[in-house]
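>>> predicted structure and sequence below. I'll ask about it afterward.
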Amino acid sequence: MTAGHLQIKNGYYYAVLTYTTADGKRKQPWIPLDIPATGKKTSKKMAEAALTKARMEFRPPSKDAAGGMEPDMLFSDFMEAWLEVIKSTVEQTTFTSYVQMVRGKIIPYFRKTGITLERLQARHIQNFYLHELKTVSANTVIHEHANIHRALEYAMKMELIPGNPADRVERPKKERYVADYYKTEELEQLFEATKNHPLSLLIQMAAFYGLRRSEVLGLKWDAIDFERNTIVIRHTITEAKEGGKRILIAKDSAKTKSSLRSLPLVAVFKSKLLERKEQQKVNMKVCGNSYNKEYKGYVFVDPMGNLFTPQMVTENFSSILKQNGLRHIRFHDLRHSCASLLLANEVPMKQIQEWLGHSDISTTANIYSHLDYKSKIASANVMDNALAMPETVEKEWVIREG
């Protein structure tokens, strides 16, 4: 029978078992007994009986499974090991978001519980979600669930656990996202307030073309055809954290196939872009060897040739709004402002989908259907003309007593 003893943690009894692996390593898995440590003799006797049962039933793993992963390892340690497994299977920006969520929220919570991978149950995961919902949105918990579920699916494939306990958990209902946006007059105020700002052209193009931040920052001169008057969206700049430092990620592919799109270069932007291109040539000549030639082909660089970064754009945009007394929106909401303006001017939803580069029209409709008020007015008029409503005859209502 496996050696073990009782321990109290967070007001509950745990069975702490001890065994030695084939390579001589000493292991001590903590097994939650779900018995409150009330201080009474009855609860201690129940815990002692549960400890004896746990010692009798416990079977040390026969091999070092899944590259160091074992069924009796702490679930928090398993999640850390899983991050290393998926690191090479996802995009760097995606992996960064996984790391922030897993190391920031999931691991700290479950490390305190002492629950092992093989002892993890649906109720433990459900309790984590209830704990999280006190401080974060339902959508955040849904993302946390996706990480936990995917990690446990891997554990099943590696035959570390017989089933996925996350399958039996009730996820919170997804909150419908309602896009914020600027109205026409607000956009015009923004353009006026930023007309002499270094981000002026970047802000105007993001709002006019409905570009994502990654798309406008990734705009290169070779994507602009000044003869045919076209702009091709095909390159992106994003940011990720690696080793505590922010790194830029340049990609020659957009978010989806539909994101790769060609847009017309209108006269006002053609003039502004040509002027910017000439100014870059002057800056390069004046700065000489001090000019950063690494980003020579990009449209949005500073006078020294340094690329505008996502973080810099976000922080500066927020400061611009505050300094000019403008209503706060996110930089991404310029994209929503573009869509709302198109809808207000009766541009069909299908054309808006193509303009914004959404992969599916349902995505466009889900985000912007609440803004499509004119189509609702048209529907109301159709119903009004189709149905003859009876005239209302007002009657005097008398309340009789007795």
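That came in fine, so what should we check first? Residues are numbered from 1 along each chain as shown.
>>> what's across from Leu17 in the sheet?
Applying DSSP bridges to Leu17 gives these bridge partners: Gly4.
>>> surely it meets Pro29?
Yes - taking contacts as Cβ atoms under 8 Å, Leu17 lies within contact range of Pro29: 5.6 Å. Where C-beta positions appear, they are placed from N, C-alpha and C, glycine not excepted.
>>> neighbour count: these two, which is higher?
Between Leu17 and Pro29, counting by other Cβ atoms under 10 Å, Pro29 is the more crowded of the two (26 against 22).
>>> distance check, the residue lying closest to that one once chain neighbours are set aside against Arg55.
Of all residues not flanking Pro29 in the chain, Asp72 sits nearest, at 4.1 Å (Cβ to Cβ, 6 or more residues apart in numbering). Distance, Asp72 to Arg55, using Cβ to Cβ, to the nearest Å: 13 Å.
>>> which one of the two has more residues nearby?
Legend: neighbour count by other Cβ under 10 Å for Asp72 and Arg55, higher for Asp72 (21 against 17).
>>> in this structure the more buried one contacts Leu117, no?
Yes - Asp72 is in contact with Leu117 according to Cβ under 8 Å; the separation is 7.3 Å.
>>> for burial, what's the neighbour tally of the nearest residue to Leu356 once chain neighbours are set aside?
Leaving aside its chain neighbours, Leu356 sits nearest to Gly210 (4.8 Å; criterion: Cβ to Cβ, 6+ apart). Residues lying near Gly210 (other Cβ under 10 Å) number 22.
>>> state the distance from Gly210 to Lys87.
33 Å.
>>> what residues are up against Tyr98?
By Cβ atoms under 8 Å, 6 or more residues apart in numbering, the contact set of Tyr98 is 83, 86, 90, 147.
>>> any idea how far it lies from Arg150?
Applying Cβ to Cβ to Tyr98 and Arg150 gives a distance of 9 Å.
>>> which residues do the two both contact?
Shared contacts of Tyr98 and Arg150 (Cβ under 8 Å, 6+ apart): Ile86.
>>> was I right to think the residue nearest to Leu356 contacts Gln353?
No - using Cβ under 8 Å, Gly210 is not in contact with Gln353, being 10.8 Å away.
>>> what about the closest residue to Gly305 other than its chain neighbours, how many neighbours?
Among residues not flanking Gly305 along the chain, Asn292 sits closest, at 3.6 Å (Cβ to Cβ, 6+ apart). A count of neighbours around Asn292, defined by other Cβ under 10 Å, yields 14.
>>> wait, what's in contact with Asn292?
Neighbour list for Asn292: 301, 304-307 [criterion: Cβ under 8 Å, 6+ apart].
>>> SS state for the spatially closest residue to Ile224 that is not a sequence neighbour?
Using Cβ to Cβ, 6+ apart and skipping residues adjacent in sequence, the residue nearest Ile224 is Ile231, 5.4 Å away. Using DSSP: H, G, I helix; E, B strand; the rest coil, the secondary structure recorded for Ile231 is strand.
>>> residue contacts, Ile231?
So Ile231 contacts 209, 219, 223-225, 262-265 (Cβ under 8 Å, 6+ apart).
>>> so what's Met69 closest to, chain neighbours aside?
Closest to Met69 by Cβ to Cβ, 6+ apart is Ala81, at 5.4 Å.
>>> mind listing what's buried along the host helix or strand of that neighbour?
Element membership for Ala81, per DSSP states H and E: helix 75-86. Residues of helix 75-86 classed as buried by neighbour count (16 or more other Cβ atoms under 10 Å): 75-83, 86.
>>> for those, give me a markdown table that also has pLDDT and distance to Met156.
Shown next, in a markdown table, are those (pLDDT from 0 to 100; distance: Cβ to Cβ, whole Å):
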| residue | pLDDT | distance to Met156 |
| --- | --- | --- |
| Phe75 | 95 | 14 |
| Ser76 | 93 | 18 |
| Asp77 | 92 | 18 |
| Phe78 | 95 | 12 |
| Met79 | 94 | 15 |
| Glu80 | 93 | 18 |
| Ala81 | 92 | 15 |
| Trp82 | 94 | 12 |
| Leu83 | 93 | 18 |
| Ile86 | 90 | 15 |
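>>> could these be laid out in TSV, adding distance to Asn10?
Listed next are the buried residues of helix 75-86 as TSV, based on distance: Cβ to Cβ, whole Å:
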residue	distance to Asn10
Phe75	15
Ser76	15
Asp77	19
Phe78	20
Met79	20
Glu80	21
Ala81	24
Trp82	25
Leu83	26
Ile86	30
